[in-house]
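Peer 1: All I have is the shape, not the residue letters:
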């Protein structure tokens, strides 16, 4: 396993719609293992393959759901088949370091896909796990959380986003970074 560099806002791969995975094989499982290692190293709770430069429909999440319990999934070719409820909550993103803002998403989702062995799975999620899954599926569609903000908020963030696109990444971002107060990782 290796820690892969996370692509930052402005990298064109983040705007690509990822291609479906045709076969679940050892090379895909190696990518998933690297993505998990990368997510952990960057203190994230989710990561989509295009965030590490691979435009394939694969995501990983590792989200706290209850005290001491986590929901850990790798999903190949994920599809959100239903959404219900609504909740607004703060989001951040490993590919957009230093920026946090409130995003409204469905409170509950049902996701179909394959696990890392090619077995069909269905995940019913709510709250933080539902938010993380929606965030990562958005990545696979080339959508970033800042795209879900109002025009006014995006204009307010324009300088910071332009700085990221120029390669001006905030100090403390990367695999050696510690979890800063208020930062909940990629969601």
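Peer 2: Nice, thanks for sending it over. All figures in this text were calculated on a predicted structure; none of them were measured in a lab.

Peer 1: where's the residue sitting furthest away from the middle of the chain relative to residue 135, distance?
Peer 2: Of all residues in the chain, residue 152 has its C-alpha farthest from the mean position, at 23.8 Å, by CA atoms, centre = their mean. Computed as CB to CB, to the nearest Å, the residue 152 to residue 135 distance reads 21 Å. C-betas here are computed from N, CA, C, even on glycine.

Peer 1: quick one: secondary structure of residue 35?
Peer 2: helix (DSSP: H, G, I helix; E, B strand; the rest coil).

Peer 1: Contacts only, for it.
Peer 2: Each residue near residue 35 by CB atoms under 8 Å, 6 or more residues apart in numbering is listed here: 4, 47, 49, 52, 58, 60, 74.

Peer 1: Does anything pack onto the helix or strand where residue 132 lies? Which helices or strands?
Peer 2: Residue 132 is part of helix 127-140, with elements assigned from DSSP states H and E. Applying 3 or more CB pairs under 8 Å, 6 or more residues apart in numbering; DSSP states H and E, we find helix 127-140 packed against strand 46-48, strand 58-66, strand 69-84, strand 87-91, strand 101-105, strand 108-114.

Peer 1: Counting neighbours, which bits of the third one end up buried?
Peer 2: In this case it means strand 69-84. Going by neighbour count (16 or more other CB atoms under 10 Å), the buried part of strand 69-84 is 71, 73-78, 80.

Peer 1: Just the closest of these to residue 24, please.
Peer 2: Distance to residue 24, by CB to CB, is smallest for residue 76 among the buried residues of strand 69-84, at 5.8 Å.

Peer 1: Neighbour-wise, which one of the contacts of residue 35 leads?
Peer 2: Neighbour counts for the contacts of residue 35, by other CB atoms under 10 Å, peak at residue 47, which reaches 32 neighbours.

Peer 1: so residue 38 sits in a helix?
Peer 2: Yes. When three-state DSSP is applied, residue 38 is found to be in a helix.

Peer 1: Correct me if wrong: it contacts residue 31.
Peer 2: No. With contact defined as CB atoms under 8 Å, residue 38 does not reach residue 31; the gap is 10.2 Å.

Peer 1: For residue 90, see how far away the residue farthest from the centre of the chain is.
Peer 2: Note on residue 152: its distance to residue 90, by CB to CB, is 17 Å.

Peer 1: any idea how far residue 44 lies from residue 139?
Peer 2: Using CB to CB, residue 44 is found at 12 Å from residue 139.

Peer 1: ok, the nearest residue to residue 52 once chain neighbours are set aside - contacts?
Peer 2: Nearest non-adjacent residue to residue 52, counting by CB to CB, 6 or more residues apart in numbering: residue 4, 4.1 Å away. Taking CB under 8 Å, 6+ apart, we find residue 4 in contact with 34-35, 38, 52-53.
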